[in-house]
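only geometry, no sequence info:
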């Protein structure tokens with residue numbers, strides 16, 4: 001894929017292993033929720049951990065719950081921010097806007113995060129959430145992180 005002329009080149013300072021090790025130190029439950037599948041060029045792919053089944057993420061009617069989708073979007077963006085700014089536990093969500101587009105079935109869920117702008121105090125990105133067997137994203141989020 002060609003990079004647009006105005007798109008910045010991103011320098012990742014932490015890889016997936018380093019992010020997971022950092023999470024084990026400061027927020028161990030994050031690693032039990034999702035795993036990083038790909039990282040680079042200002043992007044990150046996160047997959048919901050469902051080795052024990054999806055039951056804990058389902059709402060009545062057998063669909064993945066909205067809080068699960070919002071958690072995936074927020075976690076994907078947090079991990080992407082960490083990959084670009086380093087070990088910064090106090091980076092916090094300043095804004096998360098979620099658009100639910102399609103019913104997410106009880107199927108594997110993937111979050112694809114992309115950084116839009118990284119400044120000294122704010123990081124802004126977008127996340128597309130995709131379910132296996134569904135064409136197109138099931139949800140879209142824009143997420144802003146405040147950096148200390």
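Good, I have the coordinates. Note that the structure is a prediction, hence the values are computed from the model and not measured. Numbers count the residues shown, from 1 in each chain.

Could I get the pLDDT score of the residue nearest to the spatial centre of the chain?
For the chain, the residue whose C-alpha lies nearest the mean C-alpha position (Cα atoms, centre = their mean) is residue 76; its distance is 1.4 Å. We have a pLDDT of 97 for residue 76.

same deal with residue 71?
Predicted confidence (pLDDT) for residue 71: 93.

Can you list the buried residues in the helix or strand hosting it?
Element membership for residue 71 (DSSP states H and E) is helix 66-85. For helix 66-85, burial by neighbour count (16 or more other Cβ atoms under 10 Å) applies to 68-85. All C-beta spots, glycine's among them, are computed from the backbone N, C-alpha and C.

And for residue 107, nearest residue in space, chain neighbours not counted?
The shortest distance from residue 107 to any non-neighbouring residue, by Cβ to Cβ, 6 or more residues apart in numbering, is to residue 132 (4.2 Å).

Residue 138 is in contact with that neighbour, correct?
No: using Cβ atoms under 8 Å, residue 132 is not in contact with residue 138, being 10.3 Å away.

hey, what's in contact with both of those two?
By Cβ atoms under 8 Å, 6 or more residues apart in numbering, residue 132 and residue 138 have these common neighbours: residue 109.

The protein: helices as residue ranges?
With DSSP state H as the criterion, the chain has helices at 16-26, 30-33, 66-85.

quick one: pLDDT of residue 6?
Note for residue 6: predicted pLDDT of 59.

What of residue 14?
Looking at residue 14, its pLDDT stands at 97.

contacting residues around the nearest residue to it once chain neighbours are set aside?
In space, and not counting its chain neighbours, residue 14 is closest to residue 83: 4.9 Å by Cβ to Cβ, 6+ apart. With contact set as Cβ under 8 Å, 6+ apart, residue 83 has these partners: 12, 13, 14, 15, 19, 39, 44.

The fourth one and residue 70, how far apart?
Yep, that's residue 15 we're talking about. 26 Å (Cβ to Cβ, to the nearest Å).
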